[in-house]
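Student: Okay, structure incoming, though there's no sequence with it:
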């Protein structure tokens with residue numbers, strides 16, 4: 001069964017991923033759960049003090065102010081209507097609300113990618129240091145293991161380390177890579193990559209791009225140029241623009257998402273480095289505020305620790 005299918009997956013594989021997810025979210029879960037427990041300890045009903053405690057807990061987990069206030073408003077409405085609510089009911093309602101905030105595409109069993117398009121071109125964007133190149137490498141390895149023919153394009157030509165790292169991942173995953181000299185035109189690399197992909201009957205193309213935010217106009221122009229040259233070969237490319245964000249940076253990830261969504265048409269998110277941080281609530285806030293589906297999360301260093309995002313498993317893990 002393909003790793004990229006959300007449904008009919010192997011039960012043992014799902015169990016292993018859930019265990020990895022629980023470990024990766026341990027700090028976020030512990031912080032959120034402890035604060036929520038203190039907020040409702042000894043309370044027979046939800047009052048203003050409880051709501052204030054919940055608000056503090058969500059903000060401390062980097063859910064974000066706007067999304068937190070949305071959750072609190074919903075709780076206030078429920079309390080006003082139902083009058084009394086015990087701690088078990090409160091947790092259940094919080095889980096329901098978090099699930100609804102993550103309901104962006106509305107299709108829980110929808111495939112992660114539409115492989116009916118060939119080659120399926122994914123342009124990966126994000127600032128340096130967020131785990132962008134590593135995410136590409138892990139995606140390539142999982143795609144290859146799922147039976148897809150994959151090609152990488154090293155269009156981050158401004159950092160030698162980025163190209164070198166992608167070459168290492170291409171070797172590790174056993175997939176070809178297209179690259180040029182340091183400082184080459186990124187659009188030229190992207191063009192050569194998709195052209196080679198068509199000639200070699202490749203299923204999926206992953207294009208790495210430069211992670212610079214020093215000038216939004218330059219970033220927008222560069223990404224637009226890459227998109228335009230690829231369309232000379234594959235008219236509807238890229239089929240996905242995947243923004244990689246570092247979950248451990250909390251609110252800074254919001255700022256990065258804001259800049260990149262202004263610069264290009266981001267269609268999906270990958271949130272990395274959620275292991276070892278108490279800021280995992282950022283996943284909720286970003287999905288809610290930008291209305292872009294989270295498709296992948298990183299909860300560890302291993303290839304298997306890049307997971308297809310399962311909103312139900314994610315929320316369950318926070319409350320287990």
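Tutor: Yep, that arrived. Note that the coordinates shown come from a computational prediction; the quantities given were computed from them, not determined experimentally.
Student: the strands in the protein, which residues?
Tutor: Remark: strands assigned in the chain by DSSP state E are 120-125, 150-154, 177-178, 204-208, 240-246, 268-272, 294-298, 306-308.
Student: Please identify the most buried of those strands.
Tutor: Of all the strands of the chain, strand 204-208 has the most neighbours on average by mean count of other Cβ atoms under 10 Å, namely a mean of 29. Where C-beta positions appear, they are placed from N, C-alpha and C, glycine not excepted.
Student: so what strands line up beside it?
Tutor: Here strand 204-208 has these sheet partners by DSSP bridges: strand 120-125 (parallel), strand 150-154 (parallel).
Student: I'd like these laid out as TSV, including mean pLDDT and distance to residue 298.
Tutor: TSV is the format used below for these (pLDDT from 0 to 100; distance: least, Cβ to Cβ, whole Å):
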stretch	mean pLDDT	distance to residue 298
strand 120-125	97	13
strand 150-154	97	18
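Student: Which among those is found nearest to residue 250?
Tutor: Nearest to residue 250, of all the strands paired with strand 204-208, is strand 120-125, at 19.8 Å by Cβ to Cβ.
Student: Enumerate residues external to the closest one that contact any of its residues.
Tutor: 113-114, 132, 135-136, 139, 190, 194, 197, 203-209, 211, 223, 226-227, 230, 234, 237-244, 260, 264, 266 (Cβ atoms under 8 Å, 6 or more residues apart in numbering).
Student: and if you look at stretch 34-44?
Tutor: With Cβ under 8 Å, 6+ apart, stretch 34-44 has contacts from 46, 49-50, 52-54, 56-57, 60-61, 84, 86-87, 90-91, 94.
Student: Which of those residues sits closest to residue 287?
Tutor: Checking the contacts of stretch 34-44 one by one against residue 287 (Cβ to Cβ), the nearest turns out to be residue 61, at 14.2 Å.
Student: residues touching that closest one, list them.
Tutor: Contacts of residue 61 by Cβ under 8 Å, 6+ apart are 28, 31-32, 35, 278-281.
Student: what about 7 Å?
Tutor: By Cβ atoms under 7 Å, 6 or more residues apart in numbering, the contact list for residue 61 reads 28, 31-32, 278-281.
Student: Out of those, which two sit at the greatest distance?
Tutor: 32 and 279 (10.4 Å).
Student: re earlier: wait, which of the contacts of residue 61 is closest to residue 319?
Tutor: Using Cβ to Cβ, these come closest to residue 319 at residue 32, 8.5 Å.
Student: Look at the closest one and say how many residues are nearby.
Tutor: 23 (other Cβ atoms under 10 Å).
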